[in-house]
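[1] Predicted model, plus sequence, below.
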Amino acid sequence: MHNNCNDNDYLQDENDSNKYESLIADAKIMLVDDEPINTDVLQTYLEGEGYENFITTSESVQAIDIMAREKPDVILLDLMMPHVSGFDILQMMRLDKSLAHIPVVILTSSDDGETKLKALQLGAMDFLAKPVDASELALRLRNTLAAKAYQHHLINFDQLTGLPKREQFLEAVDSHAIVLNANKQKGVALHIFIENLKNINSTLGRETGNKVIQNFARRLEASVRSAGSIQNAFGFETQIKIARTGGDKFTVFVTPIQNQQLVTTLARKISADTSLPIQIGNRAMLTTVKIGIATYPDDGDDVQTLFGNAETAMSYIRDNGGKENFAFYSASMDEESARVLAIETGLQTAVEKNELRVIYQPKVDVQTGMIVGAEALVRWINDDLGSVGPDQFISIAERTGQIIPIGEWVLQQACEQAARWCEQFGFDFRIAVNMSIKQIHDSDMCLTTREALYNSRLKAECLTLELTENMVMENAESNIELLLMLKELGVKLSIDDFGTGYSSLSYLQRFPLDELKMDKSFIDEIKTDEHRAPIVRAMVSLAHDLDMSVVAEGIETDVQLQYIRNLNCELYQGYLRSKPVVASAFEELLKADNINININSKAA
């Protein structure tokens with residue numbers, strides 16, 4: 001793969017004689033002059049310089065048709081010709097997109113400034129005075145070709161990675177598809193999306209993001225080419241094409257592909273190889289990917305359709321998740337894409353139209369059995385889509401940025417409700433609100449939280465902000481700084497879904513966390529009184545050693561409750577006490593607790 005390319009790099013390449021020999025030998029030169037003797041002399045000069053490919057015409061009326069057919073690399077054009085002048089040809093080239101980019105060197109005996117200005121305005125690149133000096137011709141032509149090659153590189157190749165851009169890539173794949181069709185072979189397109197690149201750019205800056213892209217590109221190419229070597233070992237001559245097709249997107253095209261299992265192996269390998277920590281300075285950063293896969297010609301017999309379907313598959317796995325972080329395209333995904341678009345559109349006005357609802361799941365004291373707080377959860381009911389589950393719209397809201405206004409609304413509603421319950425029931429009711437990574441990195445997050453507390457008159461210590469394990473570990477160093485700023489407000493911080501992601505214990509003890517929530521998947525392992533559940537035991541012990549309280553999620557049986565009680569776990573959530581309910585139903589649960597307290601007090 002090419003390294004980072006800039007102007008200086010290219011100028012160094014210009015001094016390489018091998019590069020110029022190739023540039024000259026491959027160049028296709030078109031000569032247009034109404035005097036055949038002139039074209040003969042020019043061709044003789046250029047052959048002496050190593051040029052081999054010529055197109056000549058003395059019939060200016062045929063010049064445009066010849067250009068369109070032959071697509072020369074550079075044109076040497078006489079201005080003063082009968083019937084169709086050089087000016088006329090320049091004008092026609094300018095109007096034809098396929099010809100407008102071809103550099104033109106004007107041959108003229110005139111030194112009139114007005115003539116030269118007119119030619120330049122019509123798109124000419126350079127001038128040569130007649131009679132032409134052979135050495136000057138060679139120099140001008142070489143410089144023109146070098147400029148064209150550099151411009152071509154800038155237009156068609158990504159400057160950070162040296163990989164082809166989208167249009168160049170599609171053109172190359174389109175040509176290769178002809179070979180596949182002739183041999184009745186299949187190919188596969190993999191559309192790769194770096195999930196967290198935007199977060200890296202926003203938190204650590206574009207320069208760091210660019211370094212991540214360069215590292216990622218190198219790893220991607222090494223991963224794909226090593227996989228190609230494996231396929232070659234089975235006797236298949238693998239062809240691999242890689243491009244950067246967007247700011248955070250890459251596309252790979254591999255041929256031939258014999259079966260889906262090979263593609264699955266390739267997708268898993270790419271995911272594993274590109275997800276290893278990337279060291280940038282003193283920071284170790286993780287990149288995570290989602291991969292959409294489409295097969296040629298089954299999922300598209302033209303490259304635009306093929307890559308569009310690979311992108312559709314990527315969007316599907318990004319928005320819906322799954323056991324793997326890749327998905328093969330299927331026609332049903334088109335319907336899902338339409339639904340995702342409807343969700344994206346609906347989310348833009350969900351707050352304004354008052355379509356969101358907050359429901360509450362009790363957080364219960366393990367030892368007393370009393371409700372001491374709740375987790376606030378958002379639900380959405382749209383007129384056209386009906387009830388849309390959080391698993392369907394939260395990830396889309398995060399991707400589109402709508403999670404910011406939605407999160408602000410939920411935070412304000414939850415704080416106001418918690419403040420009412422504090423006053424109504426006479427104790428410091430604690431409310432927990434989930435935060436997304438976009439909210440944490442939003443520059444107004446601290447202000448938004450402060451305003452929610454001020455407007456609701458809720459004590460800061462009664463608010464807990466919940467963040468998932470993977471969220472806080474992504475760009476851990478910068479997240480520590482952001483969390484410390486939130487802690488200064490006096491709120492509590494909780495790490496949710498603990499044990500399901502990637503954590504460094506050295507980082508865990510540096511995060512200013514107050515609470516650890518054990519994921520339901522670990523609680524489900526507690527089936528009998530004798531069950532040891534060593535992971536649950538270890539998590540509780542770890543949290544207590546780090547001065548964090550523990551919330552067990554998904555408690556559904558008395559056996560599970562007794563087990564965590566024996567471990568001195570502080571709080572639990574789960575259907576054993578209540579599913580998430582609307583505020584009015586939750587209030588009834590609190591009233592029932594109050595009645596029980598009064599009954600017990602009288603009995604005592």
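    Cool, the structure landed.

[2] Just the CA trace of stretch 270-278, in CSV.
    Output of stretch 270-278 as CSV, limited to C-alpha atoms (Å, rounded to 0.1, in the frame of the first residue of the first chain):
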residue,chain,number,x,y,z
ILE,A,270,-10.8,-8.3,9.1
SER,A,271,-12.8,-7.6,12.2
ALA,A,272,-10.2,-9.2,14.5
ASP,A,273,-7.1,-7.7,12.8
THR,A,274,-8.5,-4.1,12.7
SER,A,275,-9.9,-4.1,16.2
LEU,A,276,-6.6,-4.5,18.0
PRO,A,277,-5.5,-1.4,20.0
ILE,A,278,-3.8,1.3,17.9
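
[3] So which bits of that stretch are buried?
    By 16 or more other CB atoms under 10 Å, the buried positions in stretch 270-278 come out as I270, S271, D273, T274, S275, I278. From N, CA and C alone the C-beta is placed, and that goes for glycine too.

[4] For the residues you listed, could you give me JSON lines that also reports pLDDT?
    Below are the buried residues of stretch 270-278 laid out as JSON lines (pLDDT from 0 to 100):
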{"residue": "I270", "pLDDT": "93"}
{"residue": "S271", "pLDDT": "92"}
{"residue": "D273", "pLDDT": "92"}
{"residue": "T274", "pLDDT": "91"}
{"residue": "S275", "pLDDT": "87"}
{"residue": "I278", "pLDDT": "84"}
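
[5] Of the residues you listed, which belong to strands?
    I278 (DSSP state E).

[6] Relative to F169, which of the buried residues of stretch 270-278 is nearest.
    Of all the buried residues of stretch 270-278, I270 has the smallest distance to F169: 16.9 Å, by CB to CB.

[7] M67 and M92 touch, don't they?
    No - applying CB atoms under 8 Å as the test, M67 and M92 come out as separate, 9.1 Å apart.

[8] list residues touching both of the two?
    L99 (CB atoms under 8 Å, 6 or more residues apart in numbering).

[9] Pick out whichever of those two has more residues nearby.
    M67 (22 against 16; other CB atoms under 10 Å).

[10] residues making contact with the strand or helix carrying K438?
    According to DSSP states H and E, K438 maps onto helix 437-440. By CB under 8 Å, 6+ apart, the list of residues contacting helix 437-440 from outside reads 199, 398, 401, 403-404, 407, 445, 467, 471, 474, 479, 482-483, 486.

[11] how does the chain divide up, domain by domain?
    7-156, 166-330, 343-591 (automatic domain parsing).

[12] so how far is the first one off the chain centroid?
    So that's domain 7-156. Centroid separation for domain 7-156 versus its chain: 42 Å, with CA atoms, centre = their mean, to the nearest Å.

[13] State the mean pLDDT of that domain.
    Across domain 7-156, the average pLDDT comes to 83.

[14] go on, the last one?
    On average, the pLDDT along domain 343-591 is 90.

[15] Pull up the distance across that domain, start to finish.
    Distance across domain 343-591, first residue to last, is 38 Å (CA to CA, to the nearest Å).

[16] need the helices for the stretch 251-400 of the chain, in chain order.
    Assigned by DSSP state H, counting those that start in this stretch, the stretch 251-400 of the chain shows helices spanning 260-274, 303-320, 332-347, 390-400.

[17] swap in the stretch 1-150 of the chain?
    So, for the stretch 1-150 of the chain - with DSSP H, counting those that start in this stretch - the helices run 7-14, 17-26, 36-48, 63-70, 86-95, 113-121, 134-156.

[18] buried set for the longest one?
    It stands for helix 134-156. By 16+ other CB under 10 Å, the buried positions in helix 134-156 come out as 137-138, 140-142, 144-146, 148-150, 153, 156.

[19] The fifth one too?
    For helix 86-95, the neighbour count (16+ other CB under 10 Å) marks G86, F87, D88, I89, L90, M92, M93 as buried.

[20] of the residues you listed, closest to G113?
    For these, the nearest to G113 is F87 (15.2 Å; CB to CB).

[21] where's the closest one relative to K353, distance?
    61 Å (CB to CB, to the nearest Å).

[22] which ones are touching E344?
    Contacts of E344 by CB under 8 Å, 6+ apart are I396, T400, Q402.

[23] Neighbour count and distance to A217 added to those, as CSV?
    Formatted as CSV, those follow (neighbours: other CB atoms under 10 Å; distance: CB to CB, whole Å):
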residue, neighbour count, distance to A217
I396, 21, 28
T400, 15, 26
Q402, 22, 31
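
[24] can you redo the residues you listed as CSV with distance to P82?
    Listed next are the contacts of E344 as CSV, based on distance: CB to CB, whole Å:
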residue, distance to P82
I396, 65
T400, 62
Q402, 66
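
[25] In TSV: the buried residues of stretch 270-278, plus distance to T203.
    Listed next are those as TSV, based on distance: CB to CB, whole Å:
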residue	distance to T203
I270	25
S271	23
D273	24
T274	20
S275	19
I278	15
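
[26] and which of the buried residues of stretch 270-278 is nearest to R450?
    Distances from R450 to those, taken by CB to CB, are shortest for I278, at 35.0 Å.
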